[in-house]
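> Here you go, sequence then predicted model.
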Amino acid sequence: MSEFNNFLLNSTHIADMAISNVTDSSGRFSYYGTLVPSLGYNAAMIAIWGVLLIIHGFQLLAYRQYWFSYSFIAAIIIEIVGYGGRVGSHYDVYSLGPYIVQSIALVIAPVATMAGLYYQLAKLIEIYGLRFCRLPSPTYYSKIFITFDVASFFIQSAGGGLAGALASSGSDSDAGTTLFIIGLAIQIATMTAFALLWADFMYRIYVKSRKEYMNTENRNIGFWQISQTMIDYQFRPKYSKIRVSPERFSFKYFPLAFMLSVICVFVRCIYRLVEFSSGFLGNISVHEWYFIALDGIMMLIATVSLTIFHPGLAFQGKSYDIRITKGKVESESVNNEDEELMDHVTEEYDYEMTPGKAT
């Protein structure tokens, strides 16, 4: 815990402040350099996040997507606390308490957001079929990436603690700052790896499946004339009603909303990496518009996109309880899925060819 507090109090900030000599008439250091956090913007963000908190509370009860909802609700609460700290700092930039609060909250909030996002790819794999799983088990998508995300957070905390210890003893705190940046870089690398797996999944679902349809079913149809309904026979029959019966707006555009959310969190992390690399009181840190555009707005878009296209709405959480395969995906499981798929296709073919049946 002391290490965590050191992160917030870390003297890398104080060392930079001493260099810039940002003080009041009593010699107190401003924790924001020449910046005074905007009261209007930060108060507005508290109100917006408050509305989102209420909405997600109702969505939790309505859709029963517990992991996602708990993760996003936690992230929203942390954001509210963080902006509360910035409102406090507006009235006193020399007060350490509000600065500590906003430093903690706004750094760790994306960890909770991504924890909710990582789990959704595993659910999509269950919905479309285990053959699309690149890892030993769908649960690995959440376990691996959440583990690395949390680890990166503790590395950042350790870096802050080391920087504080070095600076308080009068030593150069660059080693601690470097460790802090490494932790943030690990978080970005983790998100990059996840994004690549996500892109691979999307390619196989939306592009490769259409190519297979053109090669086996209809060579004359244009690529983008092929609807998801036309190629749905290639996917897991068990969840066909979630995908295309009927084809629903919420499920159809969920992957785009999900991708937008991940991109926004990624942009925010890149911004933080550049900010810390340039110094805690560098040009980026002392201009609030960077924070507004690249942290506040990015996290807001990431949350709003999956508030509108909530996975509970997309996955019909009221009707379906999608269980994630916990053990290793064996070839036997995929083979059973293939047999189920072939039985489904045969049934559809027999239905269409039976005299008197609608075609």
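Nice, thanks for sending it over. Residues are numbered from 1 along each chain as shown.
> number of nearby residues for Ser305?
21 (other Cβ atoms under 10 Å). In this view, the C-beta of every residue, glycine as well, is placed from N, C-alpha and C.
> That one belongs to a helix?
Yes - with DSSP: H, G, I helix; E, B strand; the rest coil as the criterion, Ser305 is part of a helix.
> Nearest residue to it in space, please, no chain neighbours.
The shortest distance from Ser305 to any non-neighbouring residue, by Cβ to Cβ, 6 or more residues apart in numbering, is to Ala257 (4.4 Å).
> before we move on, which element is the most centrally placed residue in the chain in?
Central residue of the chain (Cα atoms, centre = their mean): Met114, 3.0 Å from the mean position. Under DSSP states H and E, the secondary-structure element containing Met114 is helix 96-128.
> Distance of Thr192 relative to Leu106?
Distance of Thr192 to Leu106, computed by Cβ to Cβ, to the nearest Å: 22 Å.
> neighbour count winner among these two?
Leu106 (22 against 11).
> Just to check, the more buried one is in contact with Gly84?
No - checked against Cβ atoms under 8 Å, the pair Leu106 and Gly84 is beyond contact range at 10.7 Å.
> what does stretch 135-148 contact?
Among residues not part of stretch 135-148, those counted as contacts by Cβ atoms under 8 Å, 6 or more residues apart in numbering are 114-115, 118-119, 121-123, 125-126, 130, 186-187, 190, 193-194, 197, 324-329.
> if we go to 7 Å?
The contact list for stretch 135-148, computed with Cβ atoms under 7 Å, 6 or more residues apart in numbering, reads 115, 118-119, 121-122, 125-126, 186, 190, 194, 324-329.
> Can you select the buried ones among the residues you listed for me in PyMOL?
Buried members of these can be picked out in PyMOL with the line below, counting by 16 or more other Cβ atoms under 10 Å:
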select buried, resi 115+118+119+121+122+125+126+186+190+194+325+329
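> thinking again about what came up before, how about the residue nearest to the centre of the chain, what does it touch?
With Cβ under 7 Å, 6+ apart, Met114 has these contacts: 149, 191, 265.
> okay, these in TSV with pLDDT and distance to Pro138 next?
As requested, these are exported to TSV (pLDDT from 0 to 100; distance: Cβ to Cβ, whole Å):
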residue	pLDDT	distance to Pro138
Asp149	84	18
Met191	93	19
Val265	96	21
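> Now restrict these to buried residues only.
Looks like the contacts of Met114 have 149, 191, 265 buried, using 16+ other Cβ under 10 Å.
> before we move on, back to that, mind checking which of the contacts of Met114 land in helices?
Among these, the members falling in helices (DSSP state H) are 149, 191, 265.
> isn't the first one right next to Thr113, touching?
What that stands for is Asp149. No - checked against Cβ atoms under 7 Å, the pair Asp149 and Thr113 is beyond contact range at 9.9 Å.
> Where does pLDDT dip in the chain?
Low-confidence segments of the chain, defined by pLDDT under 70: 1-29, 157, 159-173, 176, 217-219, 246, 280-281, 327-359.
> So which residues of the stretch 51-200 of the chain form helices?
Remark: helices assigned in the stretch 51-200 of the chain by DSSP state H, counting those that start in this stretch are 66-91, 96-128, 139-168, 174-202.
> of all those helices, which lies closest to Ile297?
Among those, the nearest to Ile297 by Cβ to Cβ is helix 66-91 (12.2 Å).
> just checking, what packs against that closest one?
helix 39-63, helix 96-128, helix 297-308 (3 or more Cβ pairs under 7 Å, 6 or more residues apart in numbering; DSSP states H and E).
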